[in-house]
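Q: what's the 3D shape of this:
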Amino acid sequence: MTLTETTPADPATVRDLRALPKGHLHLHMEAAMRPATLVAMSDALGIEPPPVDTFRGFTAFIESYRGLLAALDHPDHLGILMDQIFADQAAQGVAYLELGVSPHFYAERYGSYDAALAEMLDLARSASATHGVAFGFMPTIDRMAGLEPALEVARSAARFAGEGVVSLGLAADERGFPCADFAEPFAIGRAAGLQSTPHAGELVGPESVREALDALGADRILHGVRAVEAPALVAELAERGIPLDVCPTSNVLLDVVAEIGEHPLTYLLEQGVRCSINADDPILFGPDILAEYELCRTSLGLSDEQLAACAWTSIETTLAPADVKAAAKAGIDR
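A: Predicted coordinates:
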């Protein structure tokens, strides 16, 4: 069985997960591109589309990801991508999208980090209005790029706090780039009222989660699943209500867990840790968020009550507007 196959079920007794209002909190903008769009954009530029299904391991994944950027080197392509992202989220029952964006990738094109972020926000506002999906941005620091670019991302994110930017992220390879190295930019983000939402506990064990909490004041942790290697840390996450924005298929394909049946999401929920379900990089990993929910139902055995709890975590633990939270909660309860 592949990761996206599902077990047959009686349609009369199974709730449609498309109708479950959900937040999508761990989604990187470039990797939310449709495969056909990648081909069309590459053709328009006269370049070969990068391979998106042949990488193995995190280093090759990073190379594939950066290859997506070349297809966006056209004045119209970012707007096409943004509109399609929101359309795709709406079709899957996403009520709130917290999109990971990387202004440093576009600063040269638009002249500054601020100008790049402003352009992306304008495109997202238009797409949000068209497709009816509320959103916030998570400008994301590339931990492999060094401290100065990290500070630039943080300062720019802080300047747009309250204008569409809601959180500050930290991504790329944890190995050799610990969370503590980025305490200064995250202090800038927290001072501006942004949530601290770093990647941790993916390629490095529970010590990375510990650092995210202690050095970065993490409000949510993207991945975080390797906390299970330290039971006391799992208990602390549960007691403090620190959510993990979990991506099951990503964890399998990047060798964080050996196979989907071994994924610790069920264990984490049973221990009282709040978790959301997310797709991470759909063009590279395959499933988008609806398929991830279905996978968690069929391959991990999550009940509808557990899936609803994950959906509420994905809304309630964010800075989404109060009316968005109220409407989503009513839909989840229904």
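Q: Quick check: mean pLDDT of stretch 206-215?
A: Averaging pLDDT along stretch 206-215 yields 98.
Q: mind checking how far it is from the chain centre?
A: Centroid separation for stretch 206-215 versus its chain: 19 Å, with CA atoms, centre = their mean, to the nearest Å.
Q: do stretch 192-206 as well
A: 11 Å.
Q: and that stretch, how far apart are its ends?
A: With CA to CA, to the nearest Å as the measure, the ends of stretch 192-206 fall 28 Å from one another.
Q: Check stretch 19-37 too.
A: Chord length of stretch 19-37, first to last residue, is 26 Å (CA to CA).
Q: Show me what counts as buried in stretch 134-151.
A: Buried residues in stretch 134-151, defined by neighbour count with 16 or more other CB atoms under 10 Å: Ala134, Phe135, Gly136, Phe137, Met138, Pro139, Thr140, Ile141, Asp142, Arg143, Pro149, Ala150. C-beta here means a position set from N, CA and C on the backbone, and glycine is covered the same way.
Q: who's the first one bridged to?
A: Note on Ala134: beta-bridge partners Tyr96, judged by DSSP bridges.
Q: What residues does it make contact with?
A: Applying CB atoms under 8 Å, 6 or more residues apart in numbering, we find Ala134 in contact with Ala95, Tyr96, Leu97, Ser128, Ala320, Pro321, Val324.
Q: Quick check: closest non-adjacent residue to the fourth one.
A: The shortest distance from Ser128 to any residue other than its chain neighbours is 5.1 Å, reached at Phe135 (CB to CB, 6 or more residues apart in numbering).
Q: Would you map the strands across the stretch 101-250 of the chain?
A: Along the stretch 101-250 of the chain, the stretches classed as strands by DSSP state E, counting those that start in this stretch are 134-142, 167-171, 195-200, 221-223, 244-246.
Q: what does the longest helix out of those in the chain rub up against?
A: When the chain is parsed with DSSP state H, its longest helix is helix 113-131. Defining contact as CB under 8 Å, 6+ apart, one finds that helix 113-131 is touched by 29, 78-79, 82-83, 85-87, 89-90, 99, 101, 103-107, 109-110, 133-135, 137, 139, 152-153, 155-157, 159-160, 163-165.
Q: Strand 134-142 and that helix, what's the angle between them?
A: Orientation check (axes from the mean of the first three to the mean of the last three CA atoms, to 10 degrees): helix 113-131 against strand 134-142 gives 150 degrees.
Q: returning to what we had before: spit out the contact partners of the residue nearest to Ser128.
A: By CB under 8 Å, 6+ apart, the residues touching Phe135 are Phe86, Tyr96, Leu97, Glu98, Leu99, Ala124, Ser128, Gly164.
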